[in-house]
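sequence plus predicted model, see below.
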Amino acid sequence: MTALSDVVVVGASAAGLTAAETLRREGYSGRLTMVGEEAHAPYDRPPLSKQVLRGTWEPARVALRGEDALAGLDVEWLLGRTATELDTGARKVTLSDGQVLGYDGLVIATGVAPRPLPQGHELAGVHLLRTLDDALALRQGLLAAKSVVVIGAGFLGAEAAAAARELGLAVTMVDPLPAPMIRQLGARMGELLAALHVRHGVDLRTGIGVTGLVGEEGRVTKVELDDGTVVPADVVLVAIGSVPAVGWLAGSGLSLGNGVECDELCQAAPGVVAAGDVASWAHPDLGRVRVEHRMNATEQGTAAAKTLLGKGSPFLPVPYFWTDQYDVKIQAYGLPSQDAEFEVVAGDPAEGRFAALYGVGGHVTAALSWNLPKEARALRRHVVQRTPWQEALSVS
Ligand SMILES: Cc1cc2nc3c(=O)[nH]c(=O)nc-3n(C[C@H](O)[C@H](O)[C@H](O)COP(=O)(O)OP(=O)(O)OC[C@H]3O[C@@H](n4cnc5c(N)ncnc54)[C@H](O)[C@@H]3O)c2cc1C
């Protein structure tokens, strides 16, 4: 084991917490400091756009660990503070309160930040959704509102639109692309999701961009669209994607492309690893990959911590993600993509339960289920084995 005595983890969420737990489990007994911008102890984000927004969970239920488990980690928690600078030569991290932390091992797990619109966020009633505080503020806004416009029909926007419909609001969802989640899941899934949202009463405006937000007395009242129409809105959710939280790493010497660029072991520089949404690692088969999914944060947090301890191996996950919208649960293994072939191999979309495969370059790249979870787990083997496309279709 590499002899470390002073490890700093920046980002106190899923990936950072898992890295800290892995360090302790693997025998690291030195000093361990966790720096987190949010004042909350580590919590889970997926319920924010689902149970928290709908109000079926108390906010406290999103905590990732109980107090005893956190205390057992023997961590110095520096929450409500931001890392503002990294000096990889001197091995120092500077914080927003001026404190400087030396380290011999550093885990970067700062995730992503939501992308804002170029203008309009100064208006009351305009929301982003990334943190627990964001979710609680949005829920408060929705409870007092009659109408919401969701800008962006990616998985966050689509989940929030579903939650808002369940709360009884008039929901308009707008996206310049032709269908919801088309970039992540492709055209056929986009059509099915569009039909799902329309069936549940969403006024879906696809292929249409937003030109501006209009307010009265400092509060949003309307959204102007590029087809010349104007949609009234008590609340607006801006869900147009996210950007890796790497601003504090400018000048650090780390390679910052689409996230913190790491090697296949998740190492970004000697003594520095990255994990979770912020990390772009060199996948031996797939090239540079960055995954914004919950399970990846855990798996990569574990892998990165082991690398720091000198026990690393190439990070080769089978990515997994899920999304819940109304009574539909979609689960996917691998990396679905817009340009892939797509074939339903079990069940039937018309019956609201099916499983499908994605293929690129003549082999399977992803498996997905729509209310058929067992089937997706069974198809996962094709993703792991990169089964030739025709063979997978004939045996599935
Ligand atoms: C509303 C919502 C719903 C989601 N639903 C799903 C889902 O259904 N399925 C799924 O697979 N995934 C889902 N995800 C994605 C999943 O939550 C993320 O992949 C996961 O949280 C990534 O964990 P992370 O630790 O890498 O980053 P994050 O959870 O983003 O944590 C990063 C932390 O670092 C902090 N930070 C940032 N910069 C600094 C700094 N300079 N100094 C100190 N701290 C800093 C941030 O404040 C944050 O607390 C969802 C995400 C959101 C927001």
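All right, it came through fine.

any residues of this protein in contact with the ligand? List them.
Listed as neighbours of the ligand in the chain under the rule CB under 6 Å from any ligand atom: 10-16, 35-38, 45-46, 48-49, 82-83, 109-112, 129-130, 156, 245, 248, 276-277, 292-294, 297, 321-323. In this view, the C-beta of every residue, glycine as well, is placed from N, C-alpha and C.

among the residues you listed, which are in strands?
Within the residues of the chain next to the ligand, residues falling in strands by DSSP state E are Val10, Val35, Gly36, Ala83, Val112, Phe321, Trp322, Thr323.

quick one: the helices in the stretch 251-396 of the chain?
Taking DSSP state H, counting those that start in this stretch as the criterion, the stretch 251-396 of the chain carries its helices at 294-308, 373-385, 389-395.

the ones in strands among the residues of the chain next to the ligand into JSON lines, with extra columns for pLDDT?
What follows is those, written out as JSON lines (pLDDT from 0 to 100):
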{"residue": "Val10", "pLDDT": "99"}
{"residue": "Val35", "pLDDT": "98"}
{"residue": "Gly36", "pLDDT": "98"}
{"residue": "Ala83", "pLDDT": "98"}
{"residue": "Val112", "pLDDT": "98"}
{"residue": "Phe321", "pLDDT": "94"}
{"residue": "Trp322", "pLDDT": "95"}
{"residue": "Thr323", "pLDDT": "96"}
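
and the nearest residue to Glu166 once chain neighbours are set aside, its phi and psi?
Leaving aside its sequence neighbours, Glu166 sits nearest to Arg54 (CB to CB, 6 or more residues apart in numbering; 5.6 Å). Dihedral pair for Arg54: phi -80, psi -20, per degrees, to the nearest 10.

give the contact list for Arg54.
By CB atoms under 8 Å, 6 or more residues apart in numbering, the contact list for Arg54 reads Ala163, Glu166, Leu167.

at 10 Å instead, please
Arg54 sits next to Pro47, Arg139, Leu142, Glu159, Ala162, Ala163, Ala164, Glu166, Leu167 when contact means CB atoms under 10 Å, 6 or more residues apart in numbering.

quick one on the thing from earlier: of the ones in strands among the residues of the chain next to the ligand - the most surrounded one?
Neighbour counts for those (other CB atoms under 10 Å) peak at Val10, which has 29 neighbours.

what about Leu23, neighbour count?
Residues lying near Leu23 (other CB under 10 Å) number 27.

scratch that, Gly30
If you count neighbours by other CB under 10 Å, Gly30 ends up with 13.

okay, the nearest residue to it once chain neighbours are set aside: pLDDT?
Excluding the flanking residues, the one nearest Gly30 by CB to CB, 6+ apart is Ser5, at 3.9 Å. Note for Ser5: predicted pLDDT of 97.

before we move on, what about Thr2?
53.

most centrally placed residue in this protein?
In the chain, the C-alpha nearest the mean C-alpha coordinate belongs to Glu292, at 3.9 Å (CA atoms, centre = their mean).

so what's the residue of the stretch 101-250 of the chain found nearest the ligand closest to, chain neighbours aside?
Of all residues in the stretch 101-250 of the chain, Gly111 sits closest to the ligand, at 2.2 Å by CB to the nearest ligand atom. Nearest residue to Gly111 in three dimensions, chain neighbours excluded: Asp277, at 4.4 Å (CB to CB, 6+ apart).

that neighbour: neighbour count?
For Asp277, the number of neighbouring residues by other CB under 10 Å comes to 28.

what sits against it?
Residues near Asp277 by CB under 10 Å, 6+ apart: 11, 13-15, 45, 109-113, 242, 244-245, 259, 290-294, 296-297, 300.

what about 6 Å?
Gly111, Val112, Glu292 (CB atoms under 6 Å, 6 or more residues apart in numbering).

can you lay out these as TSV showing distance to Arg199?
Converted to TSV, the contacts of Asp277 look like this (distance: CB to CB, whole Å):
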residue	distance to Arg199
Gly111	33
Val112	31
Glu292	28
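
so which of those residues is the closest to Tyr358?
Nearest to Tyr358 among the contacts of Asp277: Glu292, at 18.0 Å, using CB to CB.

residues contacting that closest one?
Asp277.

ok, now Ala19?
Ala19 makes contacts with Val9, Val107, Ala275, Gly301, Ala304, Ala305, as judged by CB under 6 Å, 6+ apart.

quick revisit: can you tell me which of the helices of the stretch 251-396 of the chain is most buried?
Highest mean neighbour count among the helices of the stretch 251-396 of the chain (mean count of other CB atoms under 10 Å): helix 294-308, with a mean of 25.

which secondary structure elements does that one sit against?
helix 14-25, strand 272-274 (3 or more CB pairs under 6 Å, 6 or more residues apart in numbering; DSSP states H and E).

figure out how far the first one is from the centre of its chain.
To tie it back to what came earlier, the one meant is helix 14-25. With CA atoms, centre = their mean, to the nearest Å as the basis, helix 14-25 stands 18 Å off its chain's centre.

quick one: mean pLDDT over it.
98.

could you export it as CSV, CA atoms only?
Extracted C-alpha coordinates of helix 14-25, given in CSV (Å, rounded to 0.1, in the frame of the first residue of the first chain):
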residue,chain,number,x,y,z
ALA,A,14,-22.1,10.1,-3.5
ALA,A,15,-18.6,9.7,-5.1
GLY,A,16,-16.7,11.5,-2.4
LEU,A,17,-18.4,9.6,0.4
THR,A,18,-17.8,6.3,-1.2
ALA,A,19,-14.2,7.1,-1.8
ALA,A,20,-13.8,8.0,1.9
GLU,A,21,-15.5,4.8,3.0
THR,A,22,-13.3,2.7,0.6
LEU,A,23,-10.2,4.3,2.0
ARG,A,24,-11.1,3.3,5.5
ARG,A,25,-12.3,-0.1,4.5
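
let me know the pLDDT of Ser396.
What the model reports for Ser396 is a pLDDT of 75.

that one: neighbouring residues, count only.
Ser396 has 19 neighbours, counted by other CB under 10 Å.

grab the nearest non-local neighbour of it.
Using CB to CB, 6+ apart, the closest residue to Ser396 is Val345 (3.9 Å).
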